[in-house]
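Novice: Curious how this folds, go ahead:
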Amino acid sequence: MRSNSWRLPVLATLAVAAGLWWMRAEKASADDKNAAAPGAANQLSEKERAEGWRLLFDGKTTKGWRGYKNDKMPEGWEVVDGALARTKGGGDIVTEQQFDSFELAIDWKISEAGNSGIMYRVSEQFGAPYETGPEYQVLDNAKHPDGRHPETTAGSCYALYAPTRDVTRPVGQWNTARIVVNGNHVEHWMNGEKLVAYEISSADWESLVKKSKFASMPHFGREPKGYIDLQDHGNRVEYRNIKIRPLPGKQAAKG
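Specialist: Numbering: from 1, shown residues only. Predicted coordinates:
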């Protein structure tokens, strides 16, 4: 009669593997729920407060924001389920306060085939926000036409610097952007990965700007400080967990 003793260690190994898989699946599910739950956003931990972070959006009101070149908040932007959402036309919105060197963290969720952006150091002394403020692109890479060109995909410095790779989550899920602006040094991060780094006024920057639509905009990227701008590009977009902390700063941007 053939012995079945070999089956015991095999079954034990399978049981352990199954248990580990289940634990990983449970953790991933919990992480996804935490990332997507509005109640987990729009708050600062004690550690974040100690590090100098502060909220730019309380999750309940539009306090601290207004329309670009407007002293009021446009009706097209509203608070929906703990997110600052562009639900219909209304134009770009900006922070009430200006910033020079800073680290900005913000969650974003774009609609299908949607387009938006986060601009920084935006001035209201000229025309459109993009005439002064570089843009962190927010996009559905799969279905928006800008997704066909690396330098205009999500996380890029729009039309100038392409992200190193696509780390966006599927439409309908939240992504976390981090933008570091320290003097002339800028970094774009998404979902924990650094995708773009550049130096304003460097030879590389000047060369790319001269080849772009920004060549005719003499104040593009030159403002030493400015507003944070959330773009109305005609599509639904949601932002939440918007927080910022000042940085000591390097050499101020020229111009």
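
Novice: And the residue nearest the centre of the chain?
Specialist: Of all residues in the chain, the one closest to the mean position by C-alpha atoms, centre = their mean is A177, 2.9 Å from it.

Novice: Let me see the contact set for the nearest residue to A41 once chain neighbours are set aside.
Specialist: Ranked by C-beta to C-beta, 6 or more residues apart in numbering and with sequence neighbours excluded, the top spatial neighbour of A41 is N241, at 4.0 Å. Just so you know, the C-beta spots here come from the backbone N, C-alpha and C atoms, and that holds for glycine as well. Listed by C-beta atoms under 8 Å, 6 or more residues apart in numbering, the contact partners of N241 are A41, N42, F57, A105, I106, D107, T176.

Novice: So which of these sit within strands?
Specialist: Per DSSP state E, strands hold the following members of the contacts of N241: A105, I106, D107, T176.

Novice: Kindly state the beta-bridge partners for the second one.
Specialist: Spelled out, it's I106. Assessed by DSSP bridges, I106 has beta-bridge partners A177.

Novice: Please report the distance of it from H185.
Specialist: Going from I106 to H185 by C-beta to C-beta, to the nearest Å gives 19 Å.

Novice: ranking the ones in strands among the contacts of N241 by neighbours, who comes first?
Specialist: Neighbour tally across those (other C-beta atoms under 10 Å): the maximum, 23 neighbours, falls on I106.

Novice: contacting residues around that one?
Specialist: For I106, the residues meeting the contact criterion (C-beta under 8 Å, 6+ apart) are I118, T176, A177, R178, I179, Y239, R240, N241, I242, K243.

Novice: In this structure the second one contacts H188, no?
Specialist: The one in question is T176. No: using C-beta atoms under 8 Å, T176 and H188 do not qualify as a contacting pair, with a distance of 11.9 Å.

Novice: count of residues packed around I179?
Specialist: When neighbours are defined as other C-beta under 10 Å, I179 has 23 of them.

Novice: and it, what element?
Specialist: Remark: I179 resides in strand 175-182, with elements defined by DSSP states H and E.

Novice: what does that strand rub up against?
Specialist: Among residues not part of strand 175-182, those counted as contacts by C-beta under 8 Å, 6+ apart are 99-109, 118, 120-121, 136, 138, 154-155, 168-169, 186-192, 241, 247-250.

Novice: again, 6 Å this time
Specialist: Here strand 175-182 makes contact (C-beta atoms under 6 Å, 6 or more residues apart in numbering) with 101-108, 120, 136, 168-169, 187, 189-191, 247, 250.

Novice: and if you look at stretch 186-193?
Specialist: With contacts defined as C-beta under 6 Å, 6+ apart, stretch 186-193 is touched by 136, 155, 167, 175-178, 180, 194-198.

Novice: Right, I'll leave it there.
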